[in-house]
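Colleague: got a structure for you, letters missing:
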C-alpha cells in the first residue's frame, strides 16, 4: 500500500516543538559593584538542529562543548500512514539524552529530526532519568530535594503495533507531576521512561493544573496574574480505543495559549488535562 506524507505530520510537529525553555537566573557575582542592579539573567540558549534520522531510527541534536540541553523537540520528516486511513507511525521519544548533553527523538517507522536548546553547564537544570514503567503504567522522574521540574520528556521502551500495520499504543501523558517535583509520562499499553530537568525551587516556575476537559474539548491551565507560561504538558483522562485493537484518539494540541498566559491541550475524542509552568513577567 502506498504511503504518503500529509498534514498529520505537521500536527505532530506542532504538539511537541512548541515547548518553551526555562532558563534559571544566573547566580549573582560575588563582587558586584555597589549600586548594581539585579543579578544577570542567562542569555538565550543556543539552537542545535540534529540530522534527519533513517527510517525508524533516532535523531540526536548534540549540544556544543560546555553546554547542556535545557529544552528540545522534534520535527517529523516522514510519517507512515494509509491513504485516507489508519496511521502506522508514532513518535516514540522526545527527551534529553541520558547524559544531558543533547536532545533526541525517534519515530516508530518514519524519519524524524531532533532539535535542542543548549545553555552553559552552570545555567542548565539537573537531569533526572526515571525508571522504565510497567506495561501501561506511569514512569516518574523525581527531582532532587530543593528542586522542581522546569521541563521534561519521554522515551518509549516498548510500543504495541501490528507488523507492518496499525499502531495499538499511544503516549497518554508527558507533564509535570501534580506537586511540581518531577515529570511523568505514561503509555496506553507499552513501557515508557520519563526524564525531568530540575532547577532550584527559588528559580523554578509555578505549576498550574488545568481542569479535565469534556470529550473532544480543550483544557486550559491559566497562569496567575503577572506571570506567563514558559512550559507545560498534558495528561489524558480518557482515551477511546478498541479492546486489543486500533486506537481511535490522538492528542491534537499541547502548547502555550495564543496570549501566552497559560497552556492548553486538546484530544480528538477523549478527555485531557493541561498543566502549565508559569514565571513572573517582571
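Modeller: Okay, I see it. Since the model is a prediction, treat every value here as computed from it, not as a measurement.
Colleague: can you mark which positions in stretch 208-227 are buried?
Modeller: 208, 209, 210, 213, 218, 219, 220, 221, 222, 223, 227 (16 or more other C-beta atoms under 10 Å). C-beta here means a position set from N, CA and C on the backbone, and glycine is covered the same way.
Colleague: over to stretch 176-183?
Modeller: Neighbour-count burial for stretch 176-183 [16+ other C-beta under 10 Å]: 176, 177, 180, 181, 182, 183.
Colleague: farthest-separated two in the buried residues of stretch 208-227?
Modeller: Spanning the widest gap among the buried residues of stretch 208-227 are 213 and 227, at 22.3 Å by C-beta to C-beta.
Colleague: if we can go back for a sec, inside strands: which ones of the buried residues of stretch 176-183?
Modeller: 176, 182, 183 (DSSP state E).
Colleague: residue ranges with poor pLDDT in this structure?
Modeller: The chain contains residues with pLDDT under 70 at 1-43, 84-85, 164, 244.
Colleague: residues contacting residue 248?
Modeller: Residues near residue 248 by C-beta atoms under 8 Å, 6 or more residues apart in numbering: 240, 241, 242, 268, 269.
Colleague: go with 6 Å
Modeller: Going by C-beta atoms under 6 Å, 6 or more residues apart in numbering, residue 248 touches 240, 241.
Colleague: state the distance from it to residue 145.
Modeller: 42 Å (C-beta to C-beta, to the nearest Å).
Colleague: for residue 187, same thing?
Modeller: 28 Å.
Colleague: between these two, which one's more packed in?
Modeller: residue 187 (27 against 7; other C-beta atoms under 10 Å).
Colleague: so who does residue 52 touch?
Modeller: Contacts of residue 52 by C-beta under 6 Å, 6+ apart are 77, 111, 113.
Colleague: quickly find the element holding the last one.
Modeller: Using DSSP states H and E, residue 113 maps to strand 112-120.
Colleague: who touches that strand?
Modeller: 21, 23, 45-50, 52-53, 59-61, 63, 67, 69-77, 102-105.
Colleague: just to revisit the earlier point, reformat the ones in strands among the buried residues of stretch 176-183 as a markdown table; add distance to residue 132.
Modeller: Listed next are these as a markdown table, based on distance: C-beta to C-beta, whole Å:
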| residue | distance to residue 132 |
| --- | --- |
| 176 | 20 |
| 182 | 15 |
| 183 | 15 |
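Colleague: closest to residue 155 among those residues?
Modeller: For those, the nearest to residue 155 is residue 183 (11.9 Å; C-beta to C-beta).
Colleague: any idea how far the nearest residue in space to the closest one that is not next to it in sequence lies from residue 252?
Modeller: Excluding its sequence neighbours, the residue lying closest to residue 183 (C-beta to C-beta, 6 or more residues apart in numbering) is residue 152, at 2.9 Å. Per C-beta to C-beta, residue 152 is found 20 Å from residue 252.
Colleague: residue ranges of the helices in this protein, please?
Modeller: For the chain, the helices defined by DSSP state H occupy 7-17.
Colleague: I figured residue 208 was touching residue 221, is that so?
Modeller: Yes: Residue 208 is in contact with residue 221 according to C-beta atoms under 6 Å; the separation is 4.5 Å.
Colleague: which neighbours do those two share?
Modeller: residue 276.
Colleague: in stretch 116-133, what's buried?
Modeller: Residues of stretch 116-133 classed as buried by neighbour count (16+ other C-beta under 10 Å): 116-120, 123-125, 127-130, 133.
Colleague: for the residues you listed, which one is nearest residue 82?
Modeller: Using C-beta to C-beta, these come closest to residue 82 at residue 133, 29.7 Å.
Colleague: I figured the closest one hits residue 139, correct?
Modeller: Yes: judged on C-beta under 6 Å, residue 133 makes contact with residue 139 at a distance of 4.0 Å.
Colleague: which neighbours do those two share?
Modeller: residue 192.
Colleague: could you tell me how many residues sit around the spatially closest residue to residue 81 that is not a sequence neighbour?
Modeller: Excluding the flanking residues, the one nearest residue 81 by C-beta to C-beta, 6+ apart is residue 87, at 4.2 Å. For residue 87, the neighbour count with other C-beta under 10 Å is 18.
Colleague: and if you look at the one 10 residues further on?
Modeller: Other residues near residue 97 come to 23 when the count uses other C-beta under 10 Å.
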